[in-house]
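Asker: I need the structure of the sequence given here:
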Amino acid sequence: MHKIIDEIIEKLENLDEDSQLKHFRLELIAKLDKLKVELDIQQFKLDRLLKDKNILNSLLNKTSRDLKKALQELEKRAEELNILLNTIPAFVFFKDKEFKYKLVNKAFTDFVKMDEKEVIGKRLTDIFPEYLKNKDYLEKEKEVIYNGKSFYNIEEVLEKGNKQLWVNTNLAPVVNSVGSIIGLIGVSWDVTSQKNYQQELKRAKELAEEGIKAKTQFLTNMSHEIRTPLNAIIGMAEILKKTKIDKKQENYLDILLSSGDDLLVLINDIFEFSALESGNIKIEKETFSLRELLDEIYNENKSRAEKKGILFEVVDEKRLPSLVIGDKDKLKTIITNLVDNAIKFTNNGYVKIHYDCLENRQKGNCIVKFNIEDTGIGIDYKDNDRLFKSFSPIDSTMTKKHKGTGLGLAISKKLVDLLGGEIGFDSLQGKGSVFWFTTVLELPEGERENDREISREETEKIIETLKDFRILLVEDNLINQKITKLTLMQTGCKVDVANNGLEAVEKYKNNNYDLILMDLQMPVMDGLEATRQIRKIEKSENVRHAFIVALTANALPSDMENCMLAGMEGFIAKPFKPTELFRVLHKLIIQE
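Answerer: Numbering: from 1, shown residues only. As a prediction, the model looks like this:
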């Protein structure tokens, strides 16, 4: 194009110079030059477009390759997700905001026995019409979509093909990138097998409980039927033994009584073990003295130990409260069983009961540990697992050598567990054993850190201090007056007596008493009101403070609390021993 234009220009320049022609020539040449420039511009643009085209083609090719690769990756991920969803044994589903299924896995379609295409686009009620009647689940799905709330462990019962199916479902909202809820996702499990198993277990438990009740009732009846004639046998043997009989007849009666006692122990063990297994044993709490309980156990077993020529003693650690609250009878059974075994399997040496408080008692309770130590035959640790099992003597020869049911330790273990403690043993075969257990005992109000059994030296110190004391005994019962007054006067103190609360207040106004022992239930005025009036007089007239200690048969924790609120500083339950009185006085007089 440029060449042709150049040729035209050249010819025009060679034309004759006619004035008109010259003007035309110049104008034509100018236009041709302009055209040439425009052609240059167009050529530049064309070249640039060709270059841009090549760049664009290169970018398009790269984008196409990237898109293809991304598409392949997406297809791979989708396939993996599909495999994962269809591998999950739970029923997974996704619903849109209209509660229509948009995605389900294979476990779901297998459960409903429908093809995926049949499920997609349908609602729950299209597949399970029974949901039209029970709308609780449908309301939960609405909560998910409308309020974004999640639900877990929704249990539903479905009817499918004359079968009852149990389903457990979790629901959660599905939110897009801008935070809008676009549907819900659910995961369900078929828990029919577990439910059936639970129902079978429940039925088995009910049958077992019925069996235990029948067994317990049978044992109760048998116990009654056996105890009645056994009581007559033992009773008549005891009566006969008190008559005039020779040595041979006395020996026969001893054998009869010993056998009767063994049979009674057997009946008691079986009955108690049966009651423990049936769960009919309840904890019965009462206020009692640990020392008196152990004295009782000692007195009941010392003759057996003496007959075998072994030492039997209770080692007093002097750190225990004198009064505790707990199940006295069960505690006694545990200790008695362990002591019985210790004496049974010890032929020389000793059997000792140690007891001590393991924890500070300011929190209102005390963890007590009991150790029953013996120098008997000992136990091999390989028999540890069998030791606390029912009817399980650790070797068959023991059954022949030593009487017993094999239930003592099993009963003790169950009772210790019931009381919330622990039990165990340490032993060396041929050297002896230490059986131990712990239990938690509550403390009555006021039985705290310093309330322990006092020593002989401390008792003597109290008695010495009381010689200079003037005591007012407030008691309406004449016999109790005499016994308590005599006990106190043996210490050398002076004792006045008031028959009721009003009389006590009047005596207090006219005398300076160091100590007032106050009964609670009395005519005219009770002990609580009398205490309040005495404390009021002390405060208003600024007189010397007198110790006031409750001395009463009311031993409930609430009674103790009422005494403290009224202004008393100690509490002694009737019947009381002098040592108990001295313990309270030790706390009030010596320590304070």
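Asker: So for the protein, the centremost residue is which one?
Answerer: Central residue of the chain (Cα atoms, centre = their mean): Gly420, 10.6 Å from the mean position.
Asker: Next, it: phi, psi?
Answerer: Dihedral angles phi and psi of Gly420 (degrees, to the nearest 10) take the values phi 80, psi 20.
Asker: give me every residue that touches Val474.
Answerer: Applying Cβ atoms under 8 Å, 6 or more residues apart in numbering to Val474 gives the contacts 497-498, 500-501, 503-504, 516-519, 522, 527, 530. Using the backbone N, CA and C atoms, a C-beta is placed for each residue, glycine as well.
Asker: Below-threshold pLDDT in the stretch 101-250 of the chain: ranges please.
Answerer: Applying pLDDT under 70 to the predicted model, the residue ranges of the stretch 101-250 of the chain that meet it are 132, 134, 160-161, 216, 219-221, 223-225, 227-228, 231-232, 235.
Asker: Show me the strands in it, by range?
Answerer: Remark: strands of the stretch 101-250 of the chain, listed N- to C-terminal, are 101-104, 151-160, 163-175, 181-190; assignment by DSSP state E, counting those that start in this stretch.
Asker: Please dump these into JSON lines; it should also carry mean neighbour count and distance to Thr125 for every row.
Answerer: Putting these into JSON lines (neighbours: other Cβ atoms under 10 Å; distance: least, Cβ to Cβ, whole Å) gives the following:
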{"stretch": "strand 101-104", "mean neighbour count": "19", "distance to Thr125": "12"}
{"stretch": "strand 151-160", "mean neighbour count": "13", "distance to Thr125": "12"}
{"stretch": "strand 163-175", "mean neighbour count": "16", "distance to Thr125": "15"}
{"stretch": "strand 181-190", "mean neighbour count": "18", "distance to Thr125": "15"}
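Asker: hmm, back to that, tell me the confidence at the residue nearest to the centre of the chain?
Answerer: Here, the pLDDT recorded for Gly420 equals 87.
Asker: Helix or strand for the closest residue to it other than its chain neighbours, just tell me which one.
Answerer: Nearest-residue entry for Gly420: Val440, 5.7 Å, with adjacent residues in sequence omitted and distances by Cβ to Cβ, 6 or more residues apart in numbering. Assigning secondary structure by DSSP states H and E places Val440 in strand 432-442.
Asker: tell me which residues in that strand are buried?
Answerer: Of the residues in strand 432-442, those with enough neighbours to count as buried (16 or more other Cβ atoms under 10 Å) are Gly432, Ser433, Val434, Phe435, Trp436, Phe437, Thr438, Thr439, Leu441.
Asker: go on, stretch 300-311?
Answerer: For stretch 300-311, the buried set under the neighbour-count rule, 16+ other Cβ under 10 Å, comprises Asn301, Lys302, Ala305, Ile310.
Asker: Who are the packing partners of the strand holding Val440?
Answerer: In this structure, strand 432-442 makes packing contacts with strand 323-326, helix 328-344, strand 365-374, helix 408-418, strand 423-428, judged by 3 or more Cβ pairs under 8 Å, 6 or more residues apart in numbering; DSSP states H and E.
Asker: how big is the angle separating it from helix 408-418?
Answerer: Angle of strand 432-442 versus helix 408-418, following axes from the mean of the first three to the mean of the last three Cα atoms, to 10 degrees, is 30 degrees.
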